[in-house]
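1. Turn this into a model:
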Amino acid sequence: MIPIAFVQSLASIDGITKVLPFLKPLIQMKKVKSIIQGFLPGIALKIFLAVLPTILMMMSKIEGLRSLSSLDRRSAAKYHLFLLINVFLGSIITGAAFQQLHKFLNQSPSEIPITVGVAIPMKGTFFITYIMVDGWAGIAAEILRLVPLILFHLKNTFLVKTEQDRDQAMDPGCIAFASSEPRIQLYFLLGLVYAVVTPFVLPFIIVFFAFAYVVFRHQIINVYDQNYESAAAFWPDVHRRVVIGLVISQLLLMGLLSTKSIAKSTPVLLILPVLTIWFHRFCKGRFESAFVKFPLQDAVVKDTLERATEPNLNLKAYLQDAYVHPVFRNIEIEKAAAVDEEENNPLVETKRNSRMSSKTASAAGGMTPETATKDAAGRI
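-> Next up, the predicted model:
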């Protein structure tokens with residue numbers, strides 16, 4: 001929360017004048033002031049977040065995860081937690097960075113939803129700006145792919161020497177699940193929270209999701225070359241984060257209503273988080289095994305095919321070294337099929353004349369080997 005609070009405080013007019021007082025005459029200009037108030041906070045936050053996925057991916061690699069899908073899932077979980085705490089909650093409760101943070105930490109836990117609920121409507125304008133700067137501009141940058149285009153021309157000019165180098169320079173890569181999916185879920189969370197509090201935010205979120213669906217569908221089908229297929233292993237994590245967003249929106253709505261004249265009806269909303277968490281546990285117990293375990297029906301089909309294709313297979317003998325590297329197995333190296341075929345098929349005599357024998361006959365006056373043999377016998 002501290003990095004985002006610091007960035008948000010510096011991206012305001014008061015923060016800039018405190019750090020750079022010599023820019024005060026320039027900041028007081030109407031056009032410059034409107035730009036700072038409207039776009040600078042979102043741009044500063046975007047620059048800071050652009051470097052974050054790379055750092056989180058390095059942290060996931062240090063943990064010892066080996067598969068690409070597990071690295072993406074772990075990095076996406078970290079990035080979503082960062083966006084939730086720093087971008088969403090941090091942007092709501094931080095005005096003057098450390099003063100608001102000190103107030104937030106020293107109050108009782110029961111007052112946290114009330115404090116955040118009061119601050120949510122006040123930050124509606126900021127999140128509209130953030131959606132336009134990060135969401136809309138991000139979708140446009142995704143379809144343009146300007147940075148990969150520039151990198152391709154630079155590689156093509158200075159590094160490409162062979163066709164293989166050209167193919168490597170034109171490699172589009174794969175979609176960044178570790179950064180794209182948490183950002184989409186952040187906008188989903190904003191839609192859940194502001195649907196009741198400030199509905200004016202919803203059109204901007206709807207426009208983002210409409211363009212995101214069209215653009216990412218096109219990119220996945222026609223552009224990206226995915227490195228792996230995880231069989232929907234991402235979905236349990238996505239479902240859990242959707243449920244977390246629902247619970248957060250319900251708690252913040254309770255905090256907001258507790259400050260209004262209808263505070264007595266707030267306890268009625270307590271049943272919503274309970275039902276949401278129960279629904280999540282039900283879905284986890286009912287469907288999670290399908291994403292983390294091999295389906296029993298597919299296993300039966302696979303066993304049936306193996307019995308039909310290899311009826312004499314000794315399964316115990318096969319499993320003794322099935323998971324051992326071929327180098328460490330006590331078996332002879334299998335010969336190529338073509339070599340075995342040549343060894344098992346010896347040469348057979350044929351009456352057909354070869355080209356070499358024909359050439360020899362021509363050189364000997366047009367006589368064939370049979371004619372030459374008869375001639376020699378007659379002379380004897």
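
2. For the stretch 51-200 of the chain, which segments count as helices?
-> 68-82, 90-93, 97-106, 112-119, 124-130, 137-144, 146-158, 163-169, 177-197 (DSSP state H, counting those that start in this stretch).

3. An error on my part: the question was meant for the stretch 201-350 of the chain.
-> 202-222, 235-257, 271-287, 289-292, 296-309, 315-320, 337-344.

4. hey, which of these is tucked in deepest?
-> Compared across the helices of the stretch 201-350 of the chain, helix 235-257 shows the largest average neighbour count, a mean of 19 (mean count of other CB atoms under 10 Å). (Glycine included, C-beta is placed from N, CA and C.)

5. Where does pLDDT dip in the chain?
-> 1-20, 22-23, 27, 32-33, 35-39, 41-42, 45, 93-118, 260-263, 329-380 (pLDDT under 70).

6. Try it again at 50.
-> Scanning the chain for pLDDT under 50 picks out 96-99, 332-339, 356, 359-366, 372, 374, 376-380.

7. Thought Leu159 was touching Asp165, still the case?
-> Yes: if you go by CB atoms under 8 Å, Asp165 and Leu159 touch, sitting 6.4 Å apart.

8. closest one to Val300 among the helices of the stretch 51-200 of the chain?
-> Judged by CB to CB, the one of the helices of the stretch 51-200 of the chain that comes nearest to Val300 is helix 68-82, at 25.8 Å.

9. Residues contacting that closest one, please?
-> Helix 68-82 has contacts (CB atoms under 8 Å, 6 or more residues apart in numbering) with 52-53, 56-57, 59-61, 63, 65, 177-179, 181-182, 185-186, 227-228, 230, 233-234, 237, 241.

10. Next, the angle from that helix to helix 177-197.
-> Interaxial angle, helix 68-82 versus helix 177-197 (axes from the mean of the first three to the mean of the last three CA atoms, to 10 degrees): 30 degrees.

11. buried sites along helix 68-82?
-> 69, 71-80, 82 (16 or more other CB atoms under 10 Å).

12. with those residues in mind, which one is nearest to Leu251?
-> So of the buried residues of helix 68-82, ranked by how close each gets to Leu251 (CB to CB), first place is His80, at 17.7 Å.

13. Could you tell me how far the closest one is located from Ile184?
-> Taking CB to CB, to the nearest Å as the measure, His80 falls 10 Å from Ile184.

14. sorry, back to before: turn the helices of the stretch 201-350 of the chain into TSV, columns for distance to Asp134.
-> Shown next, in TSV, are these (distance: least, CB to CB, whole Å):
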stretch	distance to Asp134
helix 202-222	9
helix 235-257	17
helix 271-287	27
helix 289-292	30
helix 296-309	41
helix 315-320	52
helix 337-344	58
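
15. quick one: which of these is nearest His153?
-> Closest of these to His153 is helix 202-222, at 20.2 Å (criterion: CB to CB).

16. Which strands and helices lie in contact with that closest one?
-> Contact partners of helix 202-222 among helices and strands, from 3 or more CB pairs under 8 Å, 6 or more residues apart in numbering; DSSP states H and E: helix 137-144, helix 177-197.

17. I'd like to know how many residues surround Leu151.
-> By other CB atoms under 10 Å, the residues close to Leu151 number 12.

18. Could I get the contacting residues of it?
-> For Leu151, the contacting residues are Ala169, taking CB under 8 Å, 6+ apart as the criterion.
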